[in-house]
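*Asks:* Need coordinates for the following:
(chains A and B)
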Amino acid sequence: MESPSQSKAGGQRPPGNSRFPWKVFFQRSPSAVFVLGANRRLRYANPAWESLTGKSFAALRGTRISATRESASPLWKVLAPPLEVWNGSVLQVRRARPEAEFGPPWWDISFVPLAQPHGNAVIGFLTQVGETPEKQAFREPEALATARAEHAKQFTLELFAGNTPAMQRLRDLLRTAAIVDAPVWIYGGTGTGKGTAARAIHHLGPHREKPFVALDCKALQPYLIEQLAFGRGGFATSRAVGTLLLKSPECLSKDLQAKFAVWCEATHAPRFVCSSAKQPWLLVQEGFAIEAFSAKLSTLEIGIPPLMDRFDELPCIVNRMGVVECEESVWPALLAHSWPGNFRELRAAVLEASRNASGGTIRAEHLPTFVRERKLASDSPTFTMKPLVDAMEKFERETIESALGHSGWNLKLAAERLGISKAVLAKRMKALEIES
Amino acid sequence: MKGSLPQILIFAFDDWLSNQLREAAAERRWLIHEVRRLDSFRTAIAEVRTRVIVVQLERAEAGEIYAAIVQLLKIQPETPIVIVSDTKVPEVERAEWAARWFDLGARFVMFPPLTRAILEDAVVGLMGNAE
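*Replies:* All right, here's what the predicted structure looks like:
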């Protein structure tokens, strides 16, 4: 699109207008106006602009306004005209205010190019749109507030009770995490209670008055996460969230990780917590996380020990799951299993046992089959774990000796019975040291 | 083996949600169990094979639905819940509502205009993760 000034021959001022006092109009205007020279430096800004941006023009005169420079301040990134404007197009853009990061409020900026002998200058008109979040009054229904309070009661540090040094250290770390208000990265195996730990931190910390939001980056596609966080009416556009938990953040795209890394540094950002099976540095090393994301969101790292490390406290853990009573025979069965799914697996097993016991005392026969079978296997006197090679060798020897016995130690007949050649049988007999 | 198939439980006041998910569920051999009444919903949430619960929030019954969700999550905290709002919410209030429903235990929240693709992607993702 051709700008109005370009229609004038050679971009020269119209005759008689050389002393036109254009600055006076802008100086008194309630609209924020700024002018960039062809070299992209700030040439003029009126008092309304100073009031809206909170910056002094006198201090910034001549500053280069660029969105692409690494050192560019957030304000310059917002005020920088798009390339099309420098190429002569009039354009209006909506951008979040620098301190709002994602808006509201937003700034609507109309860019108008002005043809000059050495390239286009640009005049920008700036207006603010969208209420600031403080002005919004959200009234939460009482039923919802009551239900949330009831749900929150479950998440206390008592869930991580235990007398082992590892558990005492974990509780100390969780308390510290609640106090320091820095991003936390929780790592541990499946079902160890990373989400529960994140909620415990939230309810102990300064953000507890606001909601706790957990985004499952593994289950939800990246575009759904992006929509929830950064879309229209997304969490980043408000101050609604107290703590944001990103579960398995390594499943996020690199772009989205970068967006979260920027958001976590915003003035009114929620407290960020990430949870993953592996430590953040390892995810970076394996190429699943970008360094900026991992560095900014793992100020404090907390590892949750697996259930196997807490077997001494198994009765306490099971009792906390709301079980009325367990017979003594239950504990050896529970201890015989390795619980690769940790608390999640244990809770599912206890729930099933409780259901089988119709809410009464749980006995060993009420436990799920996989737990009982493991116990039977470990109790069996003939059950001994042997290396696979030994077991295969024993089986092969027994099979060959049986075939030889049934064939009167005739190698040809035995080989036929086994479905192999006589040469192969002889070779295997030699290897297994079977005398013919 | 109908009894062992994973199940999506839908609590809604019309069949729109189940119709949107029927095709995706059939492809993956999942069952759809749809309930319309609150007492049926309370009974159905105790079923072990339920993997994902989709709840359409009706303002009149919202309090009781919230209480049922809290009760369910006390027993089965891993159950993924998708909350679908039945009314349009102003854009500035969306995050406030969504954050509170997430705080209650929802894994995904949807506001009108509802689209099949988003509902399908969310439910299929949560079902897959729960399996």
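*Asks:* What does the closest residue to residue A:63 other than its chain neighbours show for phi and psi?
*Replies:* For residue A:63, ignoring the flanking residues on the chain, the nearest one in space by CB to CB, 6 or more residues apart in numbering or on different chains is residue A:42 at 5.1 Å. The C-beta positions use only the backbone N, C-alpha and C, and glycine is treated the same way. As for residue A:42, its main-chain torsions (degrees, to the nearest 10) stand at phi -70, psi 120.
*Asks:* Near chain B, which residues of the stretch 251-400 of chain A? Just list them.
*Replies:* A:344, A:347, A:351-352 (CB under 8 Å from any CB of the partner chain).
*Asks:* repeat that for 10 Å
*Replies:* With CB under 10 Å from any CB of the partner chain as the criterion, the stretch 251-400 of chain A meets chain B at residues A:270, A:321-322, A:343-344, A:347-348, A:351-352, A:354-355.
*Asks:* For the closest residue to residue A:312 other than its chain neighbours, give me the pLDDT.
*Replies:* Residue nearest to residue A:312 in three dimensions, not counting chain neighbours: residue A:164, with 6.9 Å by CB to CB, 6+ apart. Residue A:164 carries a pLDDT value of 81.
*Asks:* Report the contact partners of residue A:164.
*Replies:* Residues near residue A:164 by CB atoms under 10 Å, 6 or more residues apart in numbering or on different chains: A:170, A:305, A:309-310, A:312-313.
*Asks:* Next: residue A:205.
*Replies:* Residue A:205 touches A:175, A:177-181, A:184, A:242-243, A:271, counting by CB under 10 Å, 6+ apart.
*Asks:* now these as JSON lines including distance to residue A:338?
*Replies:* Formatted as JSON lines, these follow (distance: CB to CB, whole Å):
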{"residue": "A:175", "distance to residue A:338": "30"}
{"residue": "A:177", "distance to residue A:338": "29"}
{"residue": "A:178", "distance to residue A:338": "32"}
{"residue": "A:179", "distance to residue A:338": "36"}
{"residue": "A:180", "distance to residue A:338": "35"}
{"residue": "A:181", "distance to residue A:338": "37"}
{"residue": "A:184", "distance to residue A:338": "28"}
{"residue": "A:242", "distance to residue A:338": "37"}
{"residue": "A:243", "distance to residue A:338": "33"}
{"residue": "A:271", "distance to residue A:338": "35"}
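*Asks:* Looking at these, which is nearest chain B?
*Replies:* Checking the contacts of residue A:205 against chain B with CB to the nearest CB, the nearest one is residue A:242 at 8.1 Å.
*Asks:* For the nearest residue to the closest one once chain neighbours are set aside, list the residues it contacts.
*Replies:* Counting by CB to CB, 6+ apart, residue A:210 is the residue found nearest to residue A:242 once chain neighbours are left out, at 2.9 Å. By CB under 10 Å, 6+ apart, the residues touching residue A:210 are A:202, A:239-243, A:270-271, B:96, B:99-100, B:103.
*Asks:* Which of the contacts of residue A:205 fall in helices?
*Replies:* A:175, A:177-180 (DSSP state H).
*Asks:* Give the buried residues for stretch A:294-309.
*Replies:* By 16 or more other CB atoms under 10 Å in any protein chain shown, the buried positions in stretch A:294-309 come out as A:294, A:296-298, A:300, A:302-307.
*Asks:* tally of neighbours for residue B:16?
*Replies:* 15 (other CB atoms under 10 Å in any protein chain shown).
*Asks:* Find the residue closest to it in space, skipping its chain neighbours.
*Replies:* Residue B:16's closest residue in space is residue B:114 (CB to CB, 6+ apart), at 7.8 Å.
*Asks:* so what's that neighbour scoring on pLDDT?
*Replies:* 88.
*Asks:* what number of residues lie near it?
*Replies:* Counted with other CB under 10 Å, residue B:114 comes out at 15.
*Asks:* To which secondary structure element type does it belong?
*Replies:* On the three-state scheme (DSSP: H, G, I helix; E, B strand; the rest coil), residue B:114 is labelled coil.
*Asks:* quick one, what contacts it?
*Replies:* Counted by CB under 10 Å, 6+ apart, residue B:114 has contacts B:16-17, B:20, B:56, B:84-86.
*Asks:* Equivalent analysis for residue B:107, please.
*Replies:* A:214-216, A:219-220, A:247, B:52-53, B:79-83, B:101, B:122, B:125-126, B:129-130.
*Asks:* closest to residue A:421 among the contacts of residue B:114?
*Replies:* residue B:20 (63.4 Å; CB to CB).
*Asks:* Was I right to think the closest one contacts residue B:124?
*Replies:* No: if you go by CB atoms under 10 Å, residue B:20 and residue B:124 don't touch, sitting 11.6 Å apart.
*Asks:* Just give me the neighbour total for residue A:73.
*Replies:* 14.
*Asks:* Might one say that it is in contact with residue A:98?
*Replies:* Yes: the criterion here is CB under 10 Å, and residue A:73 meets it with residue A:98 at 7.6 Å.
*Asks:* ok, which pair from the contacts of residue A:205 is furthest apart?
*Replies:* A:175 and A:242 (17.6 Å).
*Asks:* element containing residue B:24?
*Replies:* Secondary structure assignment for residue B:24, by DSSP states H and E: helix B:16-27.
*Asks:* Show me which parts of the top strand by length along chain B are buried, residue by residue.
*Replies:* The longest strand of chain B (DSSP state E) is strand B:50-57. Within strand B:50-57, the residues that count as buried by 16+ other CB under 10 Å are B:50-57.
*Asks:* Tell me who's in contact with the one residue sitting closest to the centre of chain B.
*Replies:* Residue closest to the average C-alpha location in chain B (CA atoms, centre = their mean): residue B:54, at 1.1 Å. Contacts here follow CB under 10 Å, 6+ apart; on that basis residue B:54 touches B:8-12, B:17-18, B:20-21, B:32, B:34, B:80-84, B:108, B:110, B:119, B:122-123, B:126.
*Asks:* That one pairs with what?
*Replies:* residue B:10, residue B:82 (DSSP bridges).
*Asks:* distance of it from residue B:120?
*Replies:* 11 Å (CB to CB, to the nearest Å).
*Asks:* Which neighbours do those two have in common?
*Replies:* Shared contacts of residue B:54 and residue B:120, counting by CB under 10 Å, 6+ apart, come down to B:20-21.
*Asks:* Give me the buried subset of the contacts of residue B:107.
*Replies:* A:214-216, A:219-220, A:247, B:52-53, B:79-83, B:101, B:122, B:125-126, B:129.
*Asks:* ok, and what's touching the longest helix along chain A?
*Replies:* In chain A, with assignment by DSSP H, the single longest helix is helix A:388-406. With CB under 10 Å, 6+ apart as the test, helix A:388-406 has contacts from A:385-387, A:409-411, A:413-420, A:425, A:428-429, A:431-434, A:436.
*Asks:* Mind checking which of the residues you listed land in helices?
*Replies:* Of the contacts of helix A:388-406, the ones assigned to helices by DSSP H are A:411, A:413-418, A:425, A:428-429, A:431.
*Asks:* could you redo these as TSV and give each row neighbour count, pLDDT and distance to chain B?
*Replies:* Compiled in TSV, the ones in helices among the contacts of helix A:388-406 are given as follows (neighbours: other CB atoms under 10 Å in any protein chain shown; pLDDT from 0 to 100; distance: CB to the nearest CB, whole Å):
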residue	neighbour count	pLDDT	distance to chain B
A:411	16	87	50
A:413	15	86	47
A:414	23	88	45
A:415	21	88	45
A:416	15	86	43
A:417	17	84	41
A:418	17	87	39
A:425	22	89	45
A:428	17	88	44
A:429	18	89	48
A:431	11	85	45
